[in-house]
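Student: pasted the sequence and its predicted model underneath.
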Protein chains: 2
Amino acid sequence: MKISILKDELYNELQIVSKAISPISPQVSLRGIKIEAKDNKLVLTGSDADISIQKIINKNDDNKLNIIEEGNILVDVKYLLELVRKVDSEIIEIEILDGSLLYFHGGKAKYKINGLNPESYPKIDFKVNDESFSLKVKDLLNIINQTVFAVSKKDTRPILTGVNIKTQGNNLNCTATDSFRLTRKIIPFNYNNEFNVTIPAKVLNELKSSLQLLDNDSDILISINDKKAQFVFNDTIFQARLLDGEYPATDKLIPTEGQFNYYLDINRRDLINAVERSNFIKNENIITNKLDCSKEEIILSNKNQEIGEFEEELVGKFEGENFEIVFISYYMLDALKALSGDDVKIKFTEKMKAFIVSDPSDDSITELVLPTRHLS
Amino acid sequence: MKISILKDELYNELQIVSKAISPISPQVSLRGIKIEAKDNKLVLTGSDADISIQKIINKNDDNKLNIIEEGNILVDVKYLLELVRKVDSEIIEIEILDGSLLYFHGGKAKYKINGLNPESYPKIDFKVNDESFSLKVKDLLNIINQTVFAVSKKDTRPILTGVNIKTQGNNLNCTATDSFRLTRKIIPFNYNNEFNVTIPAKVLNELKSSLQLLDNDSDILISINDKKAQFVFNDTIFQARLLDGEYPATDKLIPTEGQFNYYLDINRRDLINAVERSNFIKNENIITNKLDCSKEEIILSNKNQEIGEFEEELVGKFEGENFEIVFISYYMLDALKALSGDDVKIKFTEKMKAFIVSDPSDDSITELVLPTRHLS
């Protein structure tokens, strides 16, 4: 192999592919980025077995790609990125010198690197299924932002570490829960096939950081089968293994109109600020808040025998008999921050049952929070 | 005690004082900020026994300080800063309710905090010595920036974890070394007294972050005796315990004109960039570079059997017989970055003896680097 290419172009694309790579992978070949030069294009591949990213760089006037000799190389990501970033010229040349010894050349600086054996790299099937649909970048980012925060951070029930995405009539239902709170985003969706898959949160977080570099209105082609999800954009294939197992039936956990006995309407930002003000009182890093509601006043409070007490009267509208409820501060903040309207409507059934935090102006998103007992 | 004050003013000043505090200090009272209200002023104190900071807030129209009742309180820094930052009003009120129970009050939010007992706080003598001198903020920052990086990070010789500052004729000599490299800054200095003290690097780093908030041309009053150094600015006293023990006689380690056999003149930024380019080759995080110099060419190189090789021809002027030397990359980079001119002059005596990195346009600063052997 012998190629030359604009250094900045190569560096940017290597960065995208490197997001899939774990530099300390026990499988040494997976610490590398594979670069294939053939048919007037470069194909970059990175993978940690869970996420695989393939990027195709086609020859064009902007990237000044020149393939002098076809071939494949595999280079440890931790040397490659640093080397390319600091090369002292606009164009970088890469050449196989002898076996797996690689030669990188910029201006006056000359680098020789011991490459890894490209034959040792696992075969990864990037073929995109025929069955696919597309979503706008902004819609996919919205789904990720409004769900991924609520997945379980513990491995005790692995299926809960992902976001469940399923077709449901003419809708797409996206749900995440750690069994203490739940978030559900439903958007209109027309698609001939049905699917019900759970995508690891780690995958969605990496995907998010790739999507953020794109135009909000561009389309992402998505293909999902039982084994993997593929996201195609910008000559990039981002594919991920799905979580095994059946996602719990969560829809029946969500109370529906008719079950609610108490309603609180309040400014979303005001409630966020008040909860955050109360957060100086921490009990082994768990913070609980109490809401005391009546038609006359709405009081948010928080106390800890050792530290002290917090109390704030909130401005809002409460409907129902006098009512008090205690919740974990972070769950309430996550729920409030997943919404975007000026106001929220909080709907309660009973003191020890899950309640709903919703946006009166956007019924696509539902937040469910389990109450708790006061810790001190 | 009962006071009120502009919240932002109190928060900013608490932040300055909190720099001295270790929130996990085994001595519980030292986790607190002490606030004394008397004689129409607030006195804030924070300390970790090594560094103590006292800030006086005098009543004025800007800070809206109002002392309704004099008194003292002591509050855990980790609750106090967070509480004050988030208070929901311009003015904050603080009051002792009962014993050590404190009441903070902003807009609608009310906070009660269990204070610490102010009587348990150690007596700290902030009286400033009569013997003092002053330095401009920018000059003191220069001294810190050009010396503190070179102190020893290990505790094996505690005296080397500080910067030695001593009077020397009509100069002030500021030296730091970890015994593998040394930096020395000498500035003209007229003072009637002599001193020779070693200030812990930790102190200078904290002082730096306080100084960076000040006008570069303002004056810092400095008082130094055998036990402590005091820096006075802006109604703030920043005082620090000095390191015990005698600083080694380092001046004799620095070779002088007449001892040098080889000279290299080179652009400082070019050399920094070349050394950084070579740094992708790491050997257990130690990086060594080799310089091969002759009148014809100057080659910087770096190699590691497992990773690969780097080589770059540098543009510079070398005087002397053909010469090669190996050094630790980070020491060279630290030395080069401590200087500020466009060019550097590197002066060598012998292959295995310390060499000097100097700025031809600024003889106040001298960098000494010990060579090493190539690691692979």
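Tutor: That came through fine.
Student: quick one: residue A:208 and residue A:143 touch, right?
Tutor: No. Residue A:208 lies out of contact with residue A:143 (C-beta atoms under 8 Å); the separation is 10.0 Å. Every C-beta, even on glycine, is put in place using the N, C-alpha and C of the backbone.
Student: which residue comes closest to residue A:316 once chain neighbours are left out?
Tutor: residue A:266 (3.5 Å; C-beta to C-beta, 6 or more residues apart in numbering or on different chains).
Student: neighbouring strands for the helix or strand hosting the one you found, and are they parallel or not?
Tutor: Applying DSSP states H and E as the criterion places residue A:266 in strand A:262-267. Here strand A:262-267 is paired, per DSSP bridges, with strand A:316-319 (antiparallel), strand A:343-348 (antiparallel).
Student: which of these sits most buried?
Tutor: Stretch with highest mean neighbour count among the strands paired with strand A:262-267: strand A:343-348 (a mean of 21; mean count of other C-beta atoms under 10 Å in any protein chain shown).
Student: next SSE after that strand?
Tutor: strand A:355-359.
Student: if you count neighbours, what's buried in the helix or strand following that following strand?
Tutor: Proceeding N to C from strand A:355-359, the next assigned helix or strand is strand A:362-369, under DSSP H and E. Neighbour counts over strand A:362-369 (16 or more other C-beta atoms under 10 Å in any protein chain shown) mark A:365, A:366, A:367, A:368, A:369 as buried.
Student: give me every residue that touches the third one.
Tutor: The reference is to residue A:367. Listed by C-beta atoms under 8 Å, 6 or more residues apart in numbering or on different chains, the contact partners of residue A:367 are A:181, A:182, A:183, A:334, A:335, A:338, A:339, A:356, A:357, A:358.
Student: mind putting the residues you listed into CSV with pLDDT, neighbour count and distance to residue B:311?
Tutor: Output for the contacts of residue A:367, formatted as CSV (pLDDT from 0 to 100; neighbours: other C-beta atoms under 10 Å in any protein chain shown; distance: C-beta to C-beta, whole Å):
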residue, pLDDT, neighbour count, distance to residue B:311
A:181, 97, 22, 58
A:182, 98, 24, 59
A:183, 98, 25, 55
A:334, 97, 17, 53
A:335, 98, 26, 58
A:338, 97, 20, 54
A:339, 97, 21, 58
A:356, 98, 22, 66
A:357, 98, 26, 62
A:358, 97, 18, 64
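Student: and which of the residues you listed is nearest residue B:175?
Tutor: The shortest gap between residue B:175 and any of the contacts of residue A:367 belongs to residue A:334, at 52.7 Å (C-beta to C-beta).
Student: please report phi then psi for the closest one.
Tutor: The phi/psi pair for residue A:334 (degrees, to the nearest 10) reads phi -60, psi -50.
Student: for the stretch 101-250 of chain A, give me the ranges with low pLDDT.
Tutor: For the stretch 101-250 of chain A, no stretch has pLDDT under 70.
Student: interface residues of it facing chain B?
Tutor: A:101, A:102, A:108, A:109, A:110, A:111, A:112, A:113, A:114 (C-beta under 8 Å from any C-beta of the partner chain).
Student: if I look at the fourth one, how far off is residue B:100?
Tutor: To tie it back to what came earlier, the one meant is residue A:109. Distance, residue A:109 to residue B:100, using C-beta to C-beta, to the nearest Å: 65 Å.
Student: for those two, indicate the residue with more neighbours.
Tutor: A count of neighbours by other C-beta atoms under 10 Å in any protein chain shown puts residue A:109 above the other of residue A:109 and residue B:100, at 21 against 16.
Student: before we move on, back to that, now render the buried residues of strand A:362-369 as JSON lines, adding pLDDT.
Tutor: JSON lines is the format used below for those (pLDDT from 0 to 100):
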{"residue": "A:365", "pLDDT": "97"}
{"residue": "A:366", "pLDDT": "97"}
{"residue": "A:367", "pLDDT": "98"}
{"residue": "A:368", "pLDDT": "98"}
{"residue": "A:369", "pLDDT": "97"}
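Student: between these, which is nearest chain B?
Tutor: residue A:369 (22.1 Å; C-beta to the nearest C-beta).
Student: what ranges do the helices span in the stretch 51-200 of chain A?
Tutor: A:77-86, A:137-147 (DSSP state H, counting those that start in this stretch).
Student: residue B:187: which of the ones you listed is closest?
Tutor: Counting by C-beta to C-beta, and looking across all of these, nearest comes helix A:77-86 at 35.2 Å.
Student: helices or strands next to the closest one in the packing?
Tutor: The contact analysis (3 or more C-beta pairs under 8 Å, 6 or more residues apart in numbering or on different chains; DSSP states H and E) places helix A:77-86 against helix A:7-18, strand A:32-38, strand A:109-114, helix B:268-278.
Student: please repeat the previous calculation with a cut-off of 6 Å.
Tutor: Counting contacts by 3 or more C-beta pairs under 6 Å, 6 or more residues apart in numbering or on different chains; DSSP states H and E, helix A:77-86 packs against helix A:7-18.
Student: what angle sits between the helix it packs on and helix A:77-86?
Tutor: Relative orientation of helix A:7-18 and helix A:77-86, computed by axes from the mean of the first three to the mean of the last three C-alpha atoms, to 10 degrees: 160 degrees.
Student: coming back round to it: which parts of the strand holding residue A:266 are buried?
Tutor: For strand A:262-267, burial by neighbour count (16+ other C-beta under 10 Å) applies to A:262, A:264, A:266, A:267.
Student: want to throw these into JSON lines with pLDDT and distance to residue A:78?
Tutor: Shown next, in JSON lines, are these (pLDDT from 0 to 100; distance: C-beta to C-beta, whole Å):
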{"residue": "A:262", "pLDDT": "98", "distance to residue A:78": "56"}
{"residue": "A:264", "pLDDT": "98", "distance to residue A:78": "52"}
{"residue": "A:266", "pLDDT": "98", "distance to residue A:78": "50"}
{"residue": "A:267", "pLDDT": "98", "distance to residue A:78": "48"}
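Student: could you list the domains of chain A?
Tutor: Residue ranges for the domains of chain A, per automatic domain parsing: A:2-120, A:133-251, A:254-369.
Student: turn the ones you listed into a markdown table, columns for distance to residue B:161.
Tutor: A markdown table is the format used below for these (distance: least, C-beta to C-beta, whole Å):
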| stretch | distance to residue B:161 |
| --- | --- |
| domain A:2-120 | 31 |
| domain A:133-251 | 39 |
| domain A:254-369 | 33 |
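Student: nearest to residue B:217, of those?
Tutor: domain A:2-120 (37.4 Å).
Student: on that earlier part again, to residue B:312, which of the domains of chain A lies closest?
Tutor: Closest among the domains of chain A, once you apply C-beta to C-beta, is domain A:2-120, at 4.2 Å.
Student: pull up the distance across that closest one, start to finish.
Tutor: Domain A:2-120 stretches 21 Å from its first residue to its last (C-alpha to C-alpha, to the nearest Å).
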